[in-house]
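Novice: Fold the following for me, if possible:
(2 chains)
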2 protein chains.
Amino acid sequence: MNRFIPVNEPLLNGNEKKYLNECIDTGWISSEGRFIKKLEEDFSTYCHQKYGITVANGSVALDVAVRALKEKHNWQDNDEIIVPTFTLISSAQSVIYNKLKPIFVDCESVTWNMDTSKIEPAITTRTKAIMVVHIYGLPTDMQPIFDLAKKYDLKIIEDSAQAHGQTYFNKKCGGMGDISTFSFYANKHIAAGEGGMILTSDKDLFEKCNYFKNLCFQPEQRYVHNDLGWNFRMSNIQAAVGVAQFERLEQSIKIKKQMGKKYRELLSQIPAQLPMPKMDYAENHYWVFGIVLNDDVKFNAQVAREKLQQNGVGTRPFFYPMHQQPVLIRLKLSDKEYRPVSERLYDRGFYIPSGLGLDDEQIEKVVKEIRRLF
Amino acid sequence: MNRFIPVNEPLLNGNEKKYLNECIDTGWISSEGRFIKKLEEDFSTYCHQKYGITVANGSVALDVAVRALKEKHNWQDNDEIIVPTFTLISSAQSVIYNKLKPIFVDCESVTWNMDTSKIEPAITTRTKAIMVVHIYGLPTDMQPIFDLAKKYDLKIIEDSAQAHGQTYFNKKCGGMGDISTFSFYANKHIAAGEGGMILTSDKDLFEKCNYFKNLCFQPEQRYVHNDLGWNFRMSNIQAAVGVAQFERLEQSIKIKKQMGKKYRELLSQIPAQLPMPKMDYAENHYWVFGIVLNDDVKFNAQVAREKLQQNGVGTRPFFYPMHQQPVLIRLKLSDKEYRPVSERLYDRGFYIPSGLGLDDEQIEKVVKEIRRLF
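Specialist: Just a heads-up that it's a prediction; the model follows:
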């Protein structure tokens, strides 16, 4: 009755067990196997990209994707990639690990996505790509990015780890980048525990990704290496869960939308900003349900989170901006310039239990505890 | 009847399905969950180390392990690590990715393990550690390495990816390194599809490994990063299979030994070197069953492998020596000096179907096709 409500619980009531059992019965547990192939083919088709490459998780998907682009287009060390400052460290470090330089752009206050009006001033002669990260279930406004990419001949890296099945107008998220990435972490719409995916319609990028993720083994001379790669393979076991989860993606999105609607209704009176329900280009999928405390609230997100934790409600902080990260300042990869929107979001924002396994009773308990804060 | 015999098929007839179903029923599919904890605790105890850290695979286990040692002991860039030249690229690249320099030592011709008599001449004032890789199921002779480590104050990194449950005298493989690593790839004695493990008895190394493998998240301020890490987590789903496989490890070793004994008997007349059945310190576990063609055989391993492939028998080449790798020569990380034993092994050696799923009929077919080569 008073059980702690975790910030996420997945919903695994489809074919997950059936497919896992098939892996065991057939002996196909490694990175070869029919679920790997099926997930790559079905998910790339769904997102309108030609090729899918499964990988171990969404972070390494970015590492591989950025490297493939860098090698294909002969980008030089210290060439620049535009990256939103309000995101997970994985976005920035995929750029850094590939010896490129991230240039951080603030987000805007309505959707929490990258502020597209601030991209052009950040472009230099060394800029090679814009990394887009769709935040918390609402897409980034892509048209200005398409325009800038065309104007300055930039590639688009589309991190869709938080936007499975989401669309920008009629375009699927993950279908708009020269290369796009997904995570299948346990809190995602497609939850395989771990696991990730790269999508592209460029055959050369596809082949490069498969080569880098599999230790740069060669088909003919397996153990003779012309390059250093990584073992970033996903197993057929993870893919089995991924395929079962993909089958129910539309249903999962529906559940998330209902959850978001319910939270919005029940929390409409609190002195805080809630997620935008829709933009002209998309309805919110509420991957997670964020709350940003108004400036006149006397406590910040951290205090609110501690109280909720004590009262049995799990939460997570909003992203800590990349330009403020101690490690990036130490590595001289941040200019430390003031980026007001993301800095405020970290101070005032957090997200509340948003998993697919959340039931109405839990939602009501969460709402009750949040109201009690004020 | 004439079905192709793959080089490996796992055996998954224990509690694999039961434990996988438990993951789905309980919703614990991510890197937290009871099988992760159980595998870490049980396997470290079994190998007589204090701590276990699950990771995504055996390659990244090495990346994390080497980094943890480097940071703990303040090794400087370009400090040197002794590495056997006859091994998988993962051993060398974990050193390189951590900005250390691998110094390659030839193997010896009886066990195919690193020739311990050639280590001391390779030691310089910059040498910090010896990486041991137990090859194909027979351990490296550890006593000379213990002696050198003591004499020169070197750390031991023990790559036991091919030696689950093996012992050196009465010491478990994986229990002898300052830090040790394992792979749970589908062809291993413990086959989880993908997955890996780091073992250590040093609390500081344990904490560092857990920190690096989980994106350097901090418990208190999750998204504030003082360091750049990686997402190299293993999922509870992979661990569920790992736990089931670990339960039957002794039985798997018994099957492998029987397979090795049978191959040795049936292939005793061919003009080739077979694996050593035992040394004074260990019996061979035959992780894979290698064959090295005698010098007077008119064809080399590649020709033999092509013929076997045509006749329905899968094989794999022996390791291509690290000092000859095109990528390492290009990166000026190899001296290209002649290392006769490993160079000959690559030319003359390959391994034949050795999986736990191999039955007697398949073994006889393999033997028949190998005999036909001569």
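Novice: mean confidence for stretch A:341-349?
Specialist: Average pLDDT, stretch A:341-349: 98.
Novice: same question, stretch A:178-190
Specialist: 96.
Novice: what do you get for stretch A:49-56?
Specialist: Mean predicted confidence for stretch A:49-56 is 98.
Novice: now stretch A:298-316
Specialist: Here the average pLDDT along stretch A:298-316 is 97.
Novice: Flag every buried residue along that stretch.
Specialist: A:301, A:304-305, A:307-308, A:311, A:313-316 (16 or more other CB atoms under 10 Å in any protein chain shown). Glycine gets a C-beta too; all of them are placed from N, C-alpha and C.
Novice: can you check stretch A:37-48 too?
Specialist: Of all the residues in stretch A:37-48, those buried under the rule 16+ other CB under 10 Å are A:38-40, A:43-44, A:46-47.
Novice: gap between it and the chain center?
Specialist: Its chain's C-alpha centre and that of stretch A:37-48 lie 18 Å apart, by CA atoms, centre = their mean, to the nearest Å.
Novice: what's next to it, contact-wise?
Specialist: A:50-54, A:165, A:171-175, A:180, A:182, A:197, A:199, A:239, A:242-243, A:246 (CB atoms under 8 Å, 6 or more residues apart in numbering or on different chains).
Novice: Let's see which of the residues you listed end up in helices.
Specialist: A:239, A:242-243, A:246 (DSSP state H).
Novice: Now tabulate those in a markdown table and tack on pLDDT and neighbour count.
Specialist: Output for the ones in helices among the contacts of stretch A:37-48, formatted as a markdown table (pLDDT from 0 to 100; neighbours: other CB atoms under 10 Å in any protein chain shown):
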| residue | pLDDT | neighbour count |
| --- | --- | --- |
| A:Ala239 | 97 | 29 |
| A:Gly242 | 98 | 32 |
| A:Val243 | 98 | 24 |
| A:Phe246 | 97 | 23 |
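Novice: quick one: which of these is nearest chain B?
Specialist: Closest approach to chain B among the ones in helices among the contacts of stretch A:37-48 (CB to the nearest CB): A:Ala239, at 9.6 Å.
Novice: Nearest spatial neighbour of the spatially most central residue of chain A, chain-adjacent residues omitted?
Specialist: Nearest to the mean C-alpha position of chain A, by CA atoms, centre = their mean, lies A:Ala161 at 2.5 Å. Nearest non-adjacent residue to A:Ala161, counting by CB to CB, 6 or more residues apart in numbering or on different chains: A:Ser183, 3.9 Å away.
Novice: Low-confidence ranges, the stretch 251-374 of chain A, go.
Specialist: Applying pLDDT under 70 to the stretch 251-374 of chain A flags no residue at all.
Novice: which residues in it form helices?
Specialist: A:301-310, A:326-330, A:340-348, A:360-372 (DSSP state H, counting those that start in this stretch).
Novice: For the stretch 151-300 of chain A, which residues are neighbours of chain B?
Specialist: For the stretch 151-300 of chain A, the residues in contact with chain B (CB under 8 Å from any CB of the partner chain) are A:185-187, A:191-195, A:215-216, A:221-228, A:230-238, A:241.
Novice: Any of those residues buried? List them.
Specialist: A:185-187, A:191-195, A:215-216, A:223-225, A:227-228, A:230-238, A:241.
Novice: and stretch A:107-118, what's its mean pLDDT?
Specialist: 97.
Novice: what separates A:Gln310 from A:Leu293, distance-wise?
Specialist: 18 Å (CB to CB, to the nearest Å).
Novice: nope, A:Tyr263 is what I was after
Specialist: 15 Å.
Novice: possible to save the buried residues of stretch A:37-48 as CSV with secondary structure and distance to A:Lys72?
Specialist: CSV is the format used below for those (DSSP: H, G, I helix; E, B strand; the rest coil; distance: CB to CB, whole Å):
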residue, secondary structure, distance to A:Lys72
A:Lys38, helix, 27
A:Leu39, helix, 24
A:Glu40, helix, 20
A:Phe43, helix, 22
A:Ser44, helix, 18
A:Tyr46, helix, 25
A:Cys47, coil, 20
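Novice: just the residues you listed now: which is nearest B:Ile123?
Specialist: A:Glu40 (46.9 Å; CB to CB).
Novice: State which one residue of the stretch 251-374 of chain A is found closest to chain B.
Specialist: A:Tyr320 (4.1 Å).
Novice: what's the burial count for that residue?
Specialist: Counted by other CB atoms under 10 Å in any protein chain shown, the residues lying close to A:Tyr320 total 23.
Novice: Now the closest residue in space to A:Leu345 that isn't next to it in sequence, what are its backbone angles?
Specialist: Spatial nearest neighbour of A:Leu345, chain neighbours left out: A:Phe318 (5.2 Å); criterion: CB to CB, 6+ apart. Dihedral angles of A:Phe318 (phi, psi; degrees, to the nearest 10) stand at phi -70, psi 170.
Novice: which residues does A:Phe318 contact?
Specialist: A:86, A:290, A:292, A:301, A:345-346, A:349-351, B:223.
Novice: A:Val95 now?
Specialist: A:66, A:81, A:83, A:101-102, A:131.
Novice: Distance-wise, check it relative to B:Pro219.
Specialist: A:Val95 is 26 Å from B:Pro219, by CB to CB.
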